[in-house]
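Peer 1: Build the 3D model from these lines:
(one chain, ligands or ions: 1)
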Amino acid sequence: MAYRELITPLRTIMTPGPVEADPRVLRAMSTPILGQFDPAFTHIMNETMEMLRQVFQTKNHWSFPIDGTSRSGLEAVLTSVLAPGDRVLIPIFGRFGHLLAEIAERNGAEIHIIETEWGQVFDQDEIIQELKRVKPKVLAIVHGETSTGCMQPLNKVGKACHELGILSIVDAVATIAGTEVEVDEWQLDAVIGGTQKCFSVPSGMAPITYNERIEKILAARKKVERGVRTLEDNADVLQPIRSNYFDLSQLQDYWGPRRLNHHTEATSMLYALREGARVILEEGLEERFARHRLHEKAIMEGIKAMGLTLFNDVPWKRPMVTCVNIPEGIDGEAVRSMLLEQFGIEIASSFGPLHGKIWRIGAMGYSCRKENVFAVLAGLEASLIRNGAAVIRGEAIQAALDVYEAAGDEQLLS
Ligand SMILES: Cc1ncc(COP(=O)(O)O)c(C=O)c1O
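Peer 2: From the prediction side, this is the model:
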């Protein structure tokens, strides 16, 4: 049987990820393969580390990607830091807090959880109080919760962790390169980012960064695998890191001057990540964050002008995801399907207690553009009318236009 050449439909992706990859990133992915120890390639590895430091706003030397989707970054950091019996505090305010707990638990850590209702975040003082009470080795926390469109402030907890001798590990998969993630300023010890969201790079890598406090733990747990181990490498380690693939101590030797053989680097993904980071720095972090805020405002105003209400119209809203309450009596999945089938536009539903209650509209990275905002507002309005919803007609695009006009001509062009 002959298969056709791969042809995928062109979509406007307005979900919380994966989003549209920047065309420059897709072009970089078709760059010819280099050997993993070719100086031309190791130069690209070094450049990528340099650029990641800037995106993470950190001086941390160790800033490199883990090969695998974003959870590979979470797993690499948690597995490398947490030994069985280590105490970890995890404040949960949505689906991905549960993922942190799941990974920590599978590593044999002693889990302590505080939970708040989905749609809320924690008062940082509450977390600090709990840190003092539980005295964990690690605080693991999500910055931007994809399931609820909420963002946990972290500027005080990182500092408190330092004062209390606790390590902070932060999931910034959904926020990095879209809004402020100030690793050094907030004194975060390890931060994990994602590629398929505001980076506008396909899913398949997880950029991470960590400081000397984490490095010290890795050094104590470092056990180089047989076959590449030398006499200088300690083989008699009390609590070696349990994963080989996610062993940050060995990965450091692969990303560092030793260039110790570990996995075979995902060549084309690294090209993609390098180009993604380059594009971000070329735009400028501040400018990029402002762009996300502008389009967020246009979406929010457009949705409200339709007569719909927002689930996350709160001071702790994550700027690049707008959650819309599905109107009473409307089949949310029917509207979503119509948007995709008739307009080629994808928006998302949600998980757990929010499933069937909200839609999540993302505007991230390359997807965060004016024409996409107009497309999703127009398509949603039409699909809602077709599905029997009593929306206010013709106002959504006008409201979004007002936002762009108020922002000035220069912004109108972007
Ligand atoms: C906040 C957050 N953490 C972790 C993940 C897991 O990422 P991945 O699906 O790329 O493994 C996601 C994915 O959406 C996420 O939004």
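Peer 1: contacting residues for the nearest residue to residue 317 once chain neighbours are set aside?
Peer 2: If the residues on either side of it in the chain are set aside, residue 317 comes closest to residue 149, at 6.3 Å by C-beta to C-beta, 6 or more residues apart in numbering. In short, each C-beta sits where N, CA and C put it, glycine included. Counting by C-beta atoms under 8 Å, 6 or more residues apart in numbering, residue 149 touches 16, 311, 312, 317, 318, 321, 322, 323, 360.
Peer 1: For the lengthiest helix in the chain, enumerate the helices and strands it packs against.
Peer 2: Assignment by DSSP state H gives helix 285-305 as the longest helix of the chain. Helices and strands touching helix 285-305, by 3 or more C-beta pairs under 8 Å, 6 or more residues apart in numbering; DSSP states H and E, are strand 321-325, helix 370-386, helix 396-406.
Peer 1: how about residue 394, secondary structure?
Peer 2: Three-state assignment for residue 394 (DSSP: H, G, I helix; E, B strand; the rest coil): coil.
Peer 1: Count the residues that sit near it.
Peer 2: Per other C-beta atoms under 10 Å, the neighbour tally for residue 394 reads 10.
Peer 1: Residue 57: what's it in contact with?
Peer 2: Residue 57 touches 181, 182, 183, 184, 185, 285, counting by C-beta under 8 Å, 6+ apart.
Peer 1: can you give me the angle the longest helix of the chain makes with helix 396-406?
Peer 2: 150 degrees (axes from the mean of the first three to the mean of the last three C-alpha atoms, to 10 degrees).
Peer 1: what's stretch 287-299 in contact with?
Peer 2: By C-beta under 8 Å, 6+ apart, stretch 287-299 touches 177-180, 198, 280, 283, 319-320, 322, 361, 363-364, 368-370, 372-373, 376-377, 399-400, 403-404, 407, 411, 414.
Peer 1: Relative to the ligand, how far out is residue 53?
Peer 2: 21 Å (C-beta to the nearest ligand atom, to the nearest Å).
Peer 1: so that residue sits right up against residue 209, yeah?
Peer 2: Yes - between residue 53 and residue 209 there is a contact under C-beta atoms under 8 Å: 7.1 Å.
Peer 1: Flag every residue of the stretch 101-250 of the chain that's near the ligand.
Peer 2: 142, 146, 171, 173, 174, 194, 203 (C-beta under 6 Å from any ligand atom).
Peer 1: For the stretch 201-350 of the chain, which segments count as strands?
Peer 2: 205-210, 321-325, 345-346 (DSSP state E, counting those that start in this stretch).
Peer 1: Just the mean pLDDT for the longest one, thanks.
Peer 2: Same thing as strand 205-210. The pLDDT scores in strand 205-210 average 98.
Peer 1: Ok, stretch 63-70 next?
Peer 2: 98.
Peer 1: That one close to the ligand?
Peer 2: Yes - Stretch 63-70 is in contact with the ligand by C-beta under 6 Å from any ligand atom, via 69, 70.
Peer 1: List of residues touching that stretch?
Peer 2: 45, 48-49, 52-53, 56, 72-73, 75-76, 173, 192-196, 203-209, 245-246, 251, 255, 263, 265-266, 269-270, 273.
Peer 1: now the helices for this protein?
Peer 2: 23-29, 39-55, 70-81, 95-106, 124-134, 157-164, 212-221, 248-255, 267-283, 285-305, 332-343, 370-386, 396-406, 409-412.
Peer 1: most packed of those helices?
Peer 2: helix 70-81 (a mean of 26; mean count of other C-beta atoms under 10 Å).
Peer 1: ok and that helix relative to strand 205-210, angle-wise?
Peer 2: Using the same axes, to 10 degrees: helix 70-81 against strand 205-210 is 30 degrees.
Peer 1: ok, residue 322 - contacts?
Peer 2: Taking C-beta under 8 Å, 6+ apart as the test, what residue 322 contacts is 149, 296, 299, 300, 303, 310, 312, 360, 361, 363.
Peer 1: Tell me the bridge partners for it.
Peer 2: Residue 322 has these beta-bridge partners by DSSP bridges: residue 361.
Peer 1: any idea of the pLDDT on it?
Peer 2: 98.
Peer 1: Make 14 the starting number, not 1.
Peer 2: That works, and once the first residue is 14, the last one we named lands at residue 335.
Peer 1: how near is it to residue 208?
Peer 2: 22 Å (C-beta to C-beta, to the nearest Å).
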